[in-house]
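In: Provided below for reference: sequence and predicted model.
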Amino acid sequence: MIIKNPYNNKKILSPDSEMFFGRNYEIETVKSLLLNDYPQCVSIIGERRIGKSSLAIRILKQLMDPKTIPIYLDYDGINGIKTKDEFFLNINYEFINVVNTHPSKQYFTKYRSNNTFFFDYVSSKKFFKQISYDNFKTIIFIDEFEYLPEQSYADDVFFSNLRFLANTPDIRLAFVTISKQPLKDLTHQSIKASGFWTIFTTETIGLLDESNINKLRIFGFEKNNLPIQADDKKLIDNYSGYFPFFNQLVCSRLFYSKITGVLINHEQLTSEVEPFYNSIWNSRIDKEKELLSNLYEITEKSKNLLIEMQLRGIVIQKNNTYQPFSKLFSKYIHRQSLDNKLDNPVISPLFHFDVFFSYNSSERPFIEKIGLQLKEMGINPWIDVWNLPPGKPWQDVIAEQINKIQAAVIFIGESGIGPWHNLEQTALMNNFVKRKSTIIPAILPNCKKEPEIPLFLEGITMVDFRIKNPDPFRQLVWGILDKIKF
């Protein structure tokens, strides 16, 4: 018996799909605007693959009644339309397709001539006005709306005509646009010049809530009597958070693993997910990228942008802190920020330290070399020979830094652990365990044999400067940036 994988992550969900969860508030909000006697235009916006199209198709089906004609146009797949007349003729053909199975099919026969109801803007305006007299409403959904303003015929006159159709009281017609960006932010000036965007109410689609994301995660497994363990849920959450597409993708791979007995290849799963992370990241403007890289530092100036990114599901608020929607997307952002720092170094402010260096004094030349490399890319290390001011008790200065700095590197070289080195390690361990800070053991290149690793460092991932792959310096930076706030 073939078991069908219920987790669909590549196609729009059908309007009656049992894998559609939540969105009740969004559905009812949009329907309330469209079911008026004089329907209002709606702009559905959200990230790619957040579920906008599946939501729109579901709403469209629920609008089907004897007096409402809902039409769906997808402008991602329409290539042959070259003129304004062809645009309206295409709406005509879609109108015919809907009417052919509509409860009021017989009513429209009197308006059909040569298999058309209308063929351009003027005839469409006349037609929609005529059927409005008999209380018929037309709702036109335009998916992938971004593609429409890019067409040569879509000038300000074109959008002014659309605005007239939707904004005239004796024409009961509304548009529902589905796009990533708000209408007013689309680059084509014709929309702004026509005032087309001003007649829309915007509905932003973000993440699912906890209850519905949990239903999505377990439904397919329970339906097929497949167990889903706590570790499975943790895996899904690490990649996906409450973003429905990523949940579908990871659940699909997990489902396949359970029915075949083949263990999940985590590297393969990551390589499948990362292009979509990349798409989200690359579609961000510079201000958004900067905010994502510095979520610990929210200013009054950035609050509006933060709220918008929360609505869109890029950022969540958890335990009074802001963070990207999933742990692995957060790590992805850190890597992107690291690459940016490597390409565009910015020195940290004076007296601000990002990482504490603990080392044997005999290894100082290599330690200072690493310190200089970090400073070149904007990471400020605390090194005793650089930062111990004359006349101050060094124990107090070191204790002060250990209490403030969020990450530390313990370097272990050929000379092993020195006496003060050992004291620093003890202080670091006691303090950092309390604050859940990061300690990174690093083996220096002059170690000819396996060094004696202190017991408390066992089990912690190390950076080994004796090897070239993976690049130890990059690994060190990754470990530091994974903890510090930058």
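Out: Yep, that arrived.
In: Show me the residue at the heart of the chain, geometrically.
Out: Among the residues of the chain, the one closest to the centroid is residue 314, at 4.3 Å (C-alpha atoms, centre = their mean).
In: hang on, that residue packs against residue 322?
Out: No: using C-beta atoms under 8 Å, residue 314 is not in contact with residue 322; the gap is 10.4 Å. Using the backbone N, CA and C atoms, a C-beta is placed for each residue, glycine as well.
In: re earlier: tell me the contacts of the residue nearest to the centre of the chain?
Out: 47, 280, 284, 288, 292, 324-325 (C-beta atoms under 8 Å, 6 or more residues apart in numbering).
In: If you tally nearby residues, what's the number for residue 261?
Out: 6 (other C-beta atoms under 10 Å).
In: Tell me how far it lies from residue 226.
Out: Per C-beta to C-beta, to the nearest Å, residue 261 is found 12 Å from residue 226.
In: On the three-state scheme, residue 142 is what?
Out: When classified by DSSP: H, G, I helix; E, B strand; the rest coil, residue 142 comes out as strand.
In: can you pull the contacts of it?
Out: Residue 142 touches 73, 75, 148, 175-178, counting by C-beta under 8 Å, 6+ apart.
In: Low-confidence stretches in the stretch 1-150 of the chain?
Out: 1, 9, 77-79 (pLDDT under 70).
In: what are the ranges of the strands in it?
Out: Applying DSSP state E, counting those that start in this stretch to the stretch 1-150 of the chain gives strands spanning 41-46, 68-74, 137-143.
In: and residue 98, which of the ones you listed is closest to it?
Out: Among the strands of the stretch 1-150 of the chain, strand 68-74 comes nearest to residue 98, with 5.7 Å by C-beta to C-beta.
In: From the contact counts, what lies against the closest one?
Out: helix 52-63, helix 84-99, strand 137-143 (3 or more C-beta pairs under 8 Å, 6 or more residues apart in numbering; DSSP states H and E).
In: now those in TSV, with distance to residue 360?
Out: Formatted as TSV, those follow (distance: least, C-beta to C-beta, whole Å):
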stretch	distance to residue 360
helix 52-63	58
helix 84-99	75
strand 137-143	64
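In: so which of the contacts of residue 142 is the most crowded?
Out: The most crowded member of these, judged by other C-beta under 10 Å, is residue 176 (28 neighbours).
In: and that one, what is it in contact with?
Out: Residue 176 touches 30, 34, 41-44, 56, 59, 139-142, counting by C-beta under 8 Å, 6+ apart.
In: 7 Å - rerun?
Out: By C-beta atoms under 7 Å, 6 or more residues apart in numbering, the residues touching residue 176 are 42, 44, 56, 139, 141.
In: sec struct for it, please.
Out: For residue 176, the assignment made with three-state DSSP gives strand.
In: Return the distance of it relative to residue 322.
Out: 31 Å.
In: And for residue 478?
Out: Relative to residue 322, and taking C-beta to C-beta, residue 478 is found at 22 Å.
In: just residue 51 next, same as before
Out: From residue 51 to residue 322 the distance is 23 Å (C-beta to C-beta).
In: More neighbours: those two, which one.
Out: Neighbours per residue (other C-beta under 10 Å) separate residue 51 from residue 322, with residue 51 holding more: 26 against 16.
In: ok, the closest residue to the more buried one other than its chain neighbours - contacts?
Out: Spatially, and ignoring its direct neighbours in sequence, residue 51 is nearest to residue 244 (5.2 Å; C-beta to C-beta, 6 or more residues apart in numbering). Taking C-beta under 7 Å, 6+ apart, we find residue 244 in contact with 50-51, 208, 216.
In: Restrict these to the buried ones and give me that as a PyMOL selection.
Out: Entered in PyMOL, the line below selects the buried ones among these, by 16 or more other C-beta atoms under 10 Å:
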select buried, resi 50+51+208+216
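In: out of the contacts of residue 244, which are inside helices?
Out: Counted as lying in helices by DSSP state H, out of those, are residue 216.
In: and which of the contacts of residue 244 is nearest residue 374?
Out: Closest to residue 374, out of all of those and judged by C-beta to C-beta, is residue 50, at 37.9 Å.
In: since we're on the nearest residue to that closest one once chain neighbours are set aside, how many residues are nearby?
Out: Of all residues not flanking residue 50 in the chain, residue 205 sits nearest, at 5.3 Å (C-beta to C-beta, 6+ apart). If you count neighbours by other C-beta under 10 Å, residue 205 ends up with 22.
In: same check, this time on residue 228
Out: Quick note: residue 228 (other C-beta under 10 Å) scores 17 neighbours.
In: Touching, it and residue 216? I think so.
Out: No: Residue 228 lies out of contact with residue 216 (C-beta atoms under 7 Å); the separation is 11.8 Å.
In: mind showing which ranges of the stretch 301-450 of the chain have poor pLDDT?
Out: Those would be 338-352, 392, 394, 417-436, if you go by pLDDT under 70 across the stretch 301-450 of the chain.
In: ok, which stretches of it are strands?
Out: Going by DSSP E, counting those that start in this stretch, the stretch 301-450 of the chain shows strands at 315-318, 321-324, 355-358, 381-382, 407-412, 438-443.
In: Need those strands in JSON lines (columns: distance to residue 256).
Out: Below are those laid out as JSON lines (distance: least, C-beta to C-beta, whole Å):
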{"stretch": "strand 315-318", "distance to residue 256": "28"}
{"stretch": "strand 321-324", "distance to residue 256": "27"}
{"stretch": "strand 355-358", "distance to residue 256": "42"}
{"stretch": "strand 381-382", "distance to residue 256": "46"}
{"stretch": "strand 407-412", "distance to residue 256": "39"}
{"stretch": "strand 438-443", "distance to residue 256": "35"}
